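J.: Need coordinates for the following:
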Amino acid sequence: MSAPAEPAPVPSHGPAERLGEPVPPAGPADLPAVPGAVVDLLGLVAYGELVAFDRMAADARLAPDLARRAVLSEMAAAEIAHYRRLADRLTELGVPPGEAMAPFVPALQSYHDSTEPKDWLEALTKAYVGDAIADDFFREMAAFLAEPDRQLVLDVLHDSRYDEFAGQEIRRAIRADPKVANRLSMWARRLVGEGLSQAGRTAGERVALTTLIATGFDDQAGVQALFKRLTAAHTARMSAVGLNN
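T.: A predicted model of the protein is given here:
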């Protein structure tokens, strides 16, 4: 798809209109970002990081020992550091971070309220499954941003070593008690269902983000291909730890 000479007009966010200047077309990563979508995407990722900090700090108390508690606490510390980078970037663009994040509070809060883990393994599965799907989506969206925002979004995605830690913990629990797999598989399906429901709600309310997706993937077939990739990655992730999709 060839990039248009100017970004498609969408609701702007004041100073953020300076973003997304056209660049020579050379594939998805070089498409100019829709200005309003830049602020929306940074605001969405920032609020996700802020909530993840709160959640992981609380979930750390579910850990069965101090070593595991420390790992999850380190994960929480990384989340708040990522939030700070995103908030600083929004401020640099002239957009108050709270203003950029506010539209996404209801959907994300609803997701987390309805998926509160009851124990350590549910907390780990939520981090392993839910956060990874969000990261896959943000990675796809980052391809349509101009620098430095493209790299910023990629930089704040969750560190793979924490995915590995969560995966190891889940596999260890299943080896110790194979019945755990069924319980965690059902929990993971609930996480995905709730996540998709709230994602659909957000997409319907935020025109700029919807326009970014439509512009980036050109047509409905491109959007369908995106969700196939997200589904395939999720299926592989579930299989890797012995969970049924």
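J.: count of residues packed around residue 71?
T.: 18 (other Cβ atoms under 10 Å). Every residue, glycine included, has its C-beta placed from N, CA and C.
J.: any idea how far it lies from residue 162?
T.: 8 Å (Cβ to Cβ, to the nearest Å).
J.: Check residue 96 too.
T.: 30 Å.
J.: what distance separates the one helix or strand residue 150 maps to from the centre of its chain?
T.: Secondary structure assignment for residue 150, by DSSP states H and E: helix 149-155. Here helix 149-155 is found 12 Å from its chain centre; the criterion is Cα atoms, centre = their mean, to the nearest Å.
J.: same question, stretch 91-106
T.: From the chain centre to the centre of stretch 91-106 is a distance of 16 Å (Cα atoms, centre = their mean).
J.: how long is that stretch end to end?
T.: With Cα to Cα, to the nearest Å as the measure, stretch 91-106 spans 22 Å from end to end.
J.: in it, what counts as buried?
T.: 93, 95, 97, 100-101, 103-104 (16 or more other Cβ atoms under 10 Å).
J.: Format those as a markdown table; extra columns: secondary structure and distance to residue 193.
T.: Formatted as a markdown table, the buried residues of stretch 91-106 follow (DSSP: H, G, I helix; E, B strand; the rest coil; distance: Cβ to Cβ, whole Å):
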| residue | secondary structure | distance to residue 193 |
| --- | --- | --- |
| 93 | coil | 34 |
| 95 | coil | 32 |
| 97 | helix | 30 |
| 100 | helix | 27 |
| 101 | helix | 24 |
| 103 | helix | 22 |
| 104 | helix | 19 |
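J.: Distance from the helix or strand bottoming out on mean pLDDT in the chain to the middle of the chain?
T.: Using mean pLDDT, DSSP states H and E, the weakest-scoring helix or strand in the chain turns out to be helix 207-217, at a mean of 72. In terms of Cα atoms, centre = their mean, the gap separating the centre of helix 207-217 from the centre of its chain is 16 Å.
J.: Identify the residue spatially nearest to residue 129, adjacent ones excluded.
T.: Using Cβ to Cβ, 6 or more residues apart in numbering and skipping the chain neighbours, the partner closest in space to residue 129 is residue 188 (4.7 Å).
J.: could you say what helices and strands the helix or strand that contains the one you found packs with?
T.: Per DSSP H and E: residue 188 is located in helix 180-205. On a contact count with 3 or more Cβ pairs under 8 Å, 6 or more residues apart in numbering; DSSP states H and E, helix 180-205 meets helix 105-114, helix 120-125, helix 131-142, helix 160-176, helix 207-217, helix 220-240.
J.: Next, the angle from it to helix 131-142.
T.: If you take axes from the mean of the first three to the mean of the last three Cα atoms, to 10 degrees, helix 180-205 sits at 30 degrees to helix 131-142.
J.: tell me the mean pLDDT over helix 180-205?
T.: Taken as a whole, helix 180-205 has a mean pLDDT of 86.
J.: Relative to residue 65, how far out is the residue nearest to the spatial centre of the chain?
T.: For the chain, residue 134 is the residue whose C-alpha lies nearest the centre (Cα atoms, centre = their mean; 2.8 Å). Plainly put, residue 134 is 28 Å away from residue 65 if you go by Cβ to Cβ.
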